[in-house]
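> Compute the structure for the input listed below.
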Amino acid sequence: MANSNKEVPLNLITSLFFYSFLLLLPSLLSQSVPAANIFGDSLVDVGNNNFLSNSLIKANFPHNGIDFPNGEATGRFSNGKNPADFLAEKVGLPSAQPYLVLMSKNEIPTNGVNFASGGAGIFNETGDVFKQVVPLSKQVKYFTLVHEPLVHQLGTDGVRNHLAKSLFMIVIGSNDLLAYFNNDSKASKKYTPQQYVDLMGSTLIQYMKRLYSMGARKFMVTGVGMIGCSPEQRKHSATGECKDEANYWSKKYNNGLTVLLQNLKSELSDINYSYFDTYGAMNNVIQNPQAHGINNIKDACCGGGKMKADLPCIPSATYCSNRSDHLFWDRFHPTEAISSLISDLFYKGPKKFAFPINVEQLIKL
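This next block holds a predicted model:
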C-alpha cells in the first residue's frame, strides 16, 4: 500500500510560500500606505477636468488613452498611465479616483482621492486662460470636505493614524511659470521673475501646512521640469532649441523650493517628505536619450503643425506609431514610457533625483 505521508519537497514548499507572498504583497504594502491623495495639474489629473463644463483643457477624447487599458480616453493627458497611476501601483493601491466623480456619487473611499486638475497652478489666476480649472487652493479645500466623512468612517483617532501613514503627492508649478512668460502676462507686470518664483514656493508651503493641520505627515513633492524643452516652447526656435529663460527660472524655483522644504522640516519635525528633481530626471533623458530607449526628444507624438506642437492632441491630430520612443506625448505632457521611468526614479531612485529620501524610504518611516 502506498505511503500517504510522503514528505512534500522543500523546493515546492518554498515555491508555494513565495507565490503566496507575492499575492499578499499589494495588501501588505497598502497596509503601510493606506491611502495616496494626489494634488496637482495635468501631469497627474485622472479625469477631474471631464466634469468642468466650461474648461478649455480636457483629454477625454482620442487619441489620449490609446495605450490605456481598453484604449480608453479617461481624461489623462497621456497615451496611457500617468505618474499618479504608477505611484498607486507601486504602493499596492488602486489609482485614486477623481474627486469630482466621487462628489457626484457622494462617496469617499479610504484609499485616497485625486484632486488634480489640468491647467491648475499654485496661484488661482494661473488657470484663468483655460476658463475653468481647480486651482491648488480649491484642491486643498476639497480635501477638507473629504476629511469630515473620513472621521465618520474611521473615528478621530483612526483618521489621525490613517492620514499620518498616507502619502500626499503634490505635482504642480509648471503652469504658473508658463503663465508668467506669456506675452500678455499680468504677473510679469506685477512681479520680477525672482519675486514670482519665491512667491510660488512660499505659497505652496502654506498649502502644505494646511494639509498638515488636517493630519498629513508624508509628502511627495515634485519640482518643475524643463518646461522650456517642451515641444510647445521649442517650436518658437528656428532650430527647435529649448527656451533657456523658462528653464532658468524653473531651476530657480526648484532651488528655492528645496530650501523651503528643509525649513518646513525644521519647523514641523514630524513632517517627512521626498522631493523629486523632475528637472534633473528630464535633463538626464534629454542628454542621453538612447540609454532610456528614447529616439525623439523634441517632437510631440500626437498633435499637428511644427513639431506637432501647433495643435493639441485632438481627434483630428496625427500620432506616432511607437509612443514608447518619444519623450513627449503631446505639446506639453510626457508619454506613458517617460511617466513610468520618472515614477521608478521618484519611488526608489538615488539622492541625485529623490532627496533627502525616496518614496520607498518615506513610506517606511
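> Next, report how far stretch 232-239 is displaced from the centre of its chain.
The gap between where stretch 232-239 is centred and where its chain is centred comes out at 26 Å by Cα atoms, centre = their mean, to the nearest Å.
> which residues make contact with it from outside it?
By Cβ atoms under 8 Å, 6 or more residues apart in numbering, the list of residues contacting stretch 232-239 from outside reads 227, 240-243, 246, 298, 305-307, 309-310, 331-332. In this view, the C-beta of every residue, glycine as well, is placed from N, C-alpha and C.
> need the contact list for residue 245.
181, 228.
> ok, of the contacts of stretch 232-239, which come out buried?
227, 240, 242-243, 246, 298, 307, 309, 331-332 (16 or more other Cβ atoms under 10 Å).
> Could you list which of the residues you listed belong to strands?
If you go by DSSP state E, those have residue 298 in strands.
> And for residue 206, the neighbour number?
By the measure other Cβ atoms under 10 Å, the count of residues near residue 206 is 12.
> circling back to that earlier point, how about a markdown table for the contacts of stretch 232-239, with pLDDT and distance to residue 38 added?
Compiled in a markdown table, the contacts of stretch 232-239 are given as follows (pLDDT from 0 to 100; distance: Cβ to Cβ, whole Å):
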| residue | pLDDT | distance to residue 38 |
| --- | --- | --- |
| 227 | 98 | 20 |
| 240 | 96 | 33 |
| 241 | 97 | 33 |
| 242 | 98 | 28 |
| 243 | 97 | 28 |
| 246 | 96 | 25 |
| 298 | 98 | 29 |
| 305 | 97 | 32 |
| 306 | 97 | 33 |
| 307 | 98 | 30 |
| 309 | 98 | 27 |
| 310 | 97 | 31 |
| 331 | 98 | 23 |
| 332 | 98 | 18 |
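> Now flag whichever of the residues you listed is closest to residue 270.
Within the contacts of stretch 232-239, proximity to residue 270 (Cβ to Cβ) peaks at residue 227, which comes in at 33.3 Å.
> Make sure that closest one is actually in contact with residue 242.
No: when contacts are counted by Cβ atoms under 8 Å, residue 227 is not listed as touching residue 242 (9.2 Å).
> which non-adjacent residue is nearest residue 221?
Distances taken as Cβ to Cβ, 6 or more residues apart in numbering place residue 170 nearest to residue 221, at 4.9 Å, with adjacent residues excluded.
> So that neighbour, which state does it fall into?
Taken by DSSP: H, G, I helix; E, B strand; the rest coil, the conformation at residue 170 corresponds to strand.
> surely it meets residue 210?
No: counting by Cβ under 8 Å, residue 170 sits too far from residue 210 to count as a contact (11.9 Å).
> okay, these two: which has more neighbours?
Residue environment comparison for residue 170 versus residue 210 gives the larger neighbour count to residue 170, 24 against 15, counting by other Cβ under 10 Å.
> Report the separation between that one and residue 151.
23 Å (Cβ to Cβ, to the nearest Å).
> again with residue 168
Per Cβ to Cβ, residue 168 is found 17 Å from residue 151.
> and these two? which has more neighbours close in?
Neighbour totals were compared for residue 168 and residue 151, and residue 168 leads with 23 against 15 (other Cβ under 10 Å).
> Need the per-residue pLDDT for the more buried one.
Model confidence at residue 168, given as pLDDT, is 98.
> Then the one 4 residues further on?
In the prediction, the pLDDT value recorded for residue 172 is 98.
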